[in-house]
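Peer 1: below are the sequence and a predicted model for it; my questions follow.
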Amino acid sequence: MIKFVSYFLLILVVFACRPEKTTKKPTKGNWSDDHSVDFNQELNEREQIQIRLFLEHNKSLKMKQTNSGLRYLIYKNGIGESVAKSGQSVYTRLRVELLDGILCHETPKDETENFVLEHSDKESGVHEALRFMRKGDKAKLILPSYLAHGLLGDREKIPPQSILYIDLELVELK
């Protein structure tokens, strides 16, 4: 019996003291410019599919598309004579939603949002759309993520890589 316990303890010590098996950790490849280009192209393709599906389900939205990828429809014409120009102060009302209808932001009814066209941190797609608008115009916009809040979102209500559906009113130009 003592011999059996001795062998048992010896086997236990041998196996307990063996060096731990190490598994090779996968090495991280270097992120290259090519990876970034591929990632951005794939993201853009996915967003374009989402936008096309949204427009197929909302056939009344006969939107124009710019070279940048902005889609817009001016659905109410205002009284202004000239379109907004870079450097002008614009007074707007916005309703910002995700494509699935989740409301992210809305200007209170008795207020406006004021900024200088092409000289503020407002979404670049909104700046672009305003250059097609006159005082009093109302427009529907679809902004791919790269014309909105990009890869990070706004870190509040707009998630990363979000396509925005915006109802925009140009209240005043100065």
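Peer 2: Okay, I see it. Residues are numbered from 1 along each chain as shown.
Peer 1: show me where this protein has helices.
Peer 2: Counting by DSSP state H, the chain has helices at residues 2-16, 33-57, 124-130.
Peer 1: buried residues of the second one, list them for me.
Peer 2: Buried positions in helix 33-57, judged by neighbour count with 16 or more other C-beta atoms under 10 Å: 47, 51, 54. Using the backbone N, CA and C atoms, a C-beta is placed for each residue, glycine as well.
Peer 1: cool, stretch 132-140 as well?
Peer 2: Buried, per 16+ other C-beta under 10 Å, within stretch 132-140: 132-135, 137-140.
Peer 1: same check, this time on stretch 58-70
Peer 2: Buried residues in stretch 58-70, counted by 16+ other C-beta under 10 Å: 63, 69-70.
Peer 1: do me a favour and get the end-to-end distance for it?
Peer 2: 17 Å (C-alpha to C-alpha, to the nearest Å).
Peer 1: same deal with stretch 105-124?
Peer 2: 16 Å.
Peer 1: point out where this structure drops to low pLDDT.
Peer 2: 1-29 (pLDDT under 70).
Peer 1: quick one on the thing from earlier: just give me the closest of the buried residues of helix 33-57 to residue 81.
Peer 2: residue 51 (32.3 Å; C-beta to C-beta).
Peer 1: wait, doesn't the closest one sit right on residue 63?
Peer 2: No: using C-beta atoms under 8 Å, residue 51 makes no contact with residue 63, being 9.3 Å away.
Peer 1: any idea what residue 166 is bridged to?
Peer 2: residue 96, residue 141 (DSSP bridges).
Peer 1: that one: neighbouring residues, count only.
Peer 2: By the criterion of other C-beta atoms under 10 Å, residue 166 has 21 neighbours.
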